[in-house]
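# The amino acid sequence is not available; the structure is as follows:
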């Protein structure tokens, strides 16, 4: 089967590396989607093990369409009966860019009508009660090229299941995981997030250090489809359990000035199974210190566009920089939309554009000495 893995802007390379580590060969990236081929077992492994990928999509077909008639005929020609039953609850997720078919809602309606017409003829039924399996059909139109997909994941892969309490301006789990994996962090090194908020960065670091697959304990839509073999997910989950590292790891520090934030972060860590690996504290980041000479600091500090009413942020970033400089051979990765970050820290060794929700941010990397 042809599979597509959407990746957020700026972390496509991280997703490609993940795919390669999972044993896939050539996997080109096009318009924010990593393309590869795989079996149903691969669908299960990607859903369970991917840390930075957003979803795992099954490509049902692609074609060109400049009119709604062409859109209908192309969708009708695809073998939907191989995937769906007459009871499928068909949902549509559409987007269009630089296409003559710019009316996304109308395009989605045409595709759904084509699917139902095909199922009606191939399955020989008039009864579509939508009481069965959930099937999210993606309609992606780019310059009149159409891709129709089925979402095997269901809820986005950033929904690991541990974050149940909402914090202030939380960072997406997949983005946090991509930053951690792209850093110099390994389980033998200390790790710190002095602006931990709801705990996402520290928890993703702990899961990475432990080798805990992020999708280990959640469900996926494809398991209810008639075309997916029974038991394929259970086999992958056993594999994931066997890969968990149960030895000692270096300390992971997570602190925040707000007691309620630390309480939330601790609960999320408990739900993720890594509470014992993270040393939580209510503390001002200016006072942070660590006995380990080498370590990695990853932070998503406040910035005015994200949290209103912050006022002048330069003193905060200046003090953050001074604290970091007291850590001898640590590296720091700072994600922020605050444009004065380098003015406070000095010139970054590397910078990259990422998005926190829909807000354009920069990831500044400051490298410590090699151990």
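Yep, it's here. Bear in mind the structure is a predicted one, so any value in this text is a computation, not a measurement.
# Grab the longest helix from the chain for me.
helix 104-123 (DSSP state H).
# Excluding its own residues, what touches that one? List them.
68, 71-76, 78, 80-81, 84-86, 88, 90, 92-96, 101, 125-126, 128, 137, 139, 141, 148 (CB atoms under 8 Å, 6 or more residues apart in numbering). Bear in mind the C-beta positions are built from the backbone N, C-alpha and C, glycine included.
# what packs against the helix or strand that it is followed by?
Remark: after helix 104-123, the chain's next helix or strand is strand 134-142, criterion DSSP states H and E. Counting contacts by 3 or more CB pairs under 8 Å, 6 or more residues apart in numbering; DSSP states H and E, strand 134-142 packs against strand 89-97, helix 104-123, strand 145-151.
# Give me the sheet partners of strand 134-142 and which way each runs.
strand 89-97 (parallel), strand 145-151 (antiparallel) (DSSP bridges).
# what distance separates the shortest one from the centre of its chain?
Averaging C-alpha positions (CA atoms, centre = their mean, to the nearest Å) puts strand 145-151 20 Å from its chain's average.
# domains of this structure?
2-151, 173-213+245-366 (automatic domain parsing).
# can you tell which of those is closest to residue 231?
domain 2-151 (9.8 Å; CB to CB).
# Check the model's average confidence along that closest one for me.
Regarding domain 2-151, the rounded mean pLDDT is 95.
# do the same with stretch 334-347
Throughout stretch 334-347, pLDDT has a mean value of 94.
# Which positions within that stretch qualify as buried?
By neighbour count on 16 or more other CB atoms under 10 Å, the buried set for stretch 334-347 is 334-338, 341-342, 344-345.
# any idea which of the residues you listed is closest to residue 16?
Nearest to residue 16 among the buried residues of stretch 334-347: residue 335, at 20.4 Å, using CB to CB.
# just checking, that closest one is part of a strand?
Yes: secondary structure assignment places residue 335 in a strand (DSSP: H, G, I helix; E, B strand; the rest coil).
# Now do the same contact list for it.
Contacts for residue 335 were tallied using CB under 8 Å, 6+ apart; they are 171, 175, 179, 298-300, 354, 356, 361-364.
# Go again with 7 Å.
Applying CB atoms under 7 Å, 6 or more residues apart in numbering to residue 335 gives the contacts 179, 300, 354, 356, 361, 363.
# Tell me what it is bridged to.
Residues in beta-bridge contact with residue 335 (DSSP bridges): residue 363.
# Which of the helices and strands packed on strand 134-142 has the highest mean neighbour count?
Counting by mean count of other CB atoms under 10 Å, strand 145-151 has the highest mean neighbour count of the helices and strands packed on strand 134-142, with a mean of 21.
# Turn the domains of the chain into TSV, including distance to residue 220.
TSV is the format used below for the domains of the chain (distance: least, CB to CB, whole Å):
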stretch	distance to residue 220
domain 2-151	5
domain 173-213+245-366	13
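# among those, which is nearest residue 165?
Nearest of those (CB to CB): domain 173-213+245-366, 4.7 Å.
# Show me how far that closest one is from its chain's centre.
In terms of CA atoms, centre = their mean, the centre of domain 173-213+245-366 is found 17 Å from the chain centre.
# next one: stretch 139-156
17 Å.
# Can you tell me what sits against stretch 181-192?
For stretch 181-192, the external contacting residues (CB under 7 Å, 6+ apart) are 14, 51-52, 205, 208-209, 245, 249-253, 288, 290, 292, 294-298, 331, 333.
# Can you tell me which of these are buried?
Among the contacts of stretch 181-192, those scoring as buried are 14, 51-52, 205, 208-209, 249-250, 252-253, 288, 290, 292, 294-298, 331, 333 (criterion: 16+ other CB under 10 Å).
# In strands, which of those appear?
Among the buried ones among the contacts of stretch 181-192, the residues falling in strands (DSSP state E) are 252-253, 294-298, 331, 333.
# residues contacting the residue lying closest to residue 9 once chain neighbours are set aside?
Spatial nearest neighbour of residue 9, chain neighbours left out: residue 355 (5.5 Å); criterion: CB to CB, 6 or more residues apart in numbering. By CB under 7 Å, 6+ apart, residue 355 lies in contact with 8-10, 361.
# And residue 211, by the same measure?
Listed by CB under 7 Å, 6+ apart, the contact partners of residue 211 are 243-245.
# secondary structure element for residue 191?
strand 190-193.
# for residue 263, same thing?
Using DSSP H and E, residue 263 falls in helix 259-272.
# circling back to that earlier point, make JSON lines from the strands paired with strand 134-142 and add distance to residue 194 to it.
Below are the strands paired with strand 134-142 laid out as JSON lines (distance: least, CB to CB, whole Å):
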{"stretch": "strand 89-97", "distance to residue 194": "38"}
{"stretch": "strand 145-151", "distance to residue 194": "37"}
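# and of the ones you listed, who's closest to residue 30?
Here strand 145-151 is closest among the strands paired with strand 134-142 (CB to CB), at 10.2 Å.
# which residues are in contact with the closest one?
If you take CB under 7 Å, 6+ apart as the criterion, strand 145-151 is touched by 4, 55, 57-65, 71, 74-75, 78, 83, 111, 135-140, 221.
# All set now, cheers.
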